[in-house]
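K.L.:
curious how this folds, go ahead:
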Amino acid sequence: MDSKAIESLVREVLRNVSQANTAGSSSGLTVEDYPLQEKRPELIKSHTGKKLEQLTLDGVKKGEISFDDLKIHPDTLEYQAEIAEAAGRPHLAQNFRRAKELTAVPDEEILAMYNALRPFRSSKQELLDHADHLEKTYNAKVCAQLIREAAEVYEKRDMLA
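P.N.:
Here you go, the predicted structure:
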């Protein structure tokens, strides 16, 4: 594949991902709100809903904080995406939104998809099945699209199992 074809493909992928990411919420955050933990700590909460000030070493020692309490809440990732967009960093915002989608996916499934996405590990259909599962089970449309695009690229580069 020549460099112009690769560049064209990358531009198309980025355009599609950018269009898919316009569905985020808008809380009106700007670069002035960064870093959130200093400027807007009231917005930060754990995956289980605990507030930032509740996540303390003392709480861990007392057994009041679990591993799930230390996982990030999807809203926090959306806030970070909005700040990244406001700072003119759309690709970083896309990464935060993909991470936001993945907060609903069990760790075992993320690891399985990671391994499936390694070159020469999966067939095109296996990758498409992972994408469909993400979209249907977890409504992870942006991540599903990324896997579908990877399947196409792997096929063109002869990197499928």
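K.L.:
and S27, how far from K136?
P.N.:
Per C-beta to C-beta, to the nearest Å, S27 is found 28 Å from K136. Glycine gets a C-beta too; all of them are placed from N, C-alpha and C.
K.L.:
more crowded one of the two?
P.N.:
A direct count of neighbours by other C-beta atoms under 10 Å for S27 and K136 places S27 higher, at 13 against 10.
K.L.:
three-state assignment of the more buried one?
P.N.:
coil (DSSP: H, G, I helix; E, B strand; the rest coil).
K.L.:
show me what contacts it?
P.N.:
43, 78-79, 82 (C-beta atoms under 8 Å, 6 or more residues apart in numbering).
K.L.:
between those, which is nearest A131?
P.N.:
E78 (21.9 Å; C-beta to C-beta).
K.L.:
what about the closest one, helix or strand, and which?
P.N.:
Per DSSP states H and E: E78 is located in helix 74-86.
K.L.:
what is the mean pLDDT for that helix?
P.N.:
If you average the pLDDT over helix 74-86, you get 96.
K.L.:
so which elements touch that helix?
P.N.:
Taking 3 or more C-beta pairs under 8 Å, 6 or more residues apart in numbering; DSSP states H and E as contact, the helices and strands that helix 74-86 lies on are helix 36-39, helix 90-102.
K.L.:
deepest of those, which one?
P.N.:
Comparing these by mean neighbour count (mean count of other C-beta atoms under 10 Å), helix 90-102 ranks first with a mean of 19.
K.L.:
distance from it to the middle of the chain?
P.N.:
Relative to the centre of its chain, helix 90-102 is centred 4 Å away, using C-alpha atoms, centre = their mean, to the nearest Å.
K.L.:
which residue is the nearest non-sequential neighbour of A104?
P.N.:
Distance criterion C-beta to C-beta, 6 or more residues apart in numbering; nearest residue to A104, sequence neighbours excluded, is Y138 at 4.6 Å.
K.L.:
count the neighbours of that neighbour for me.
P.N.:
When neighbours are counted by other C-beta under 10 Å, Y138 registers 17.
K.L.:
could you measure it against H130, distance?
P.N.:
Distance, Y138 to H130, by C-beta to C-beta: 11 Å.
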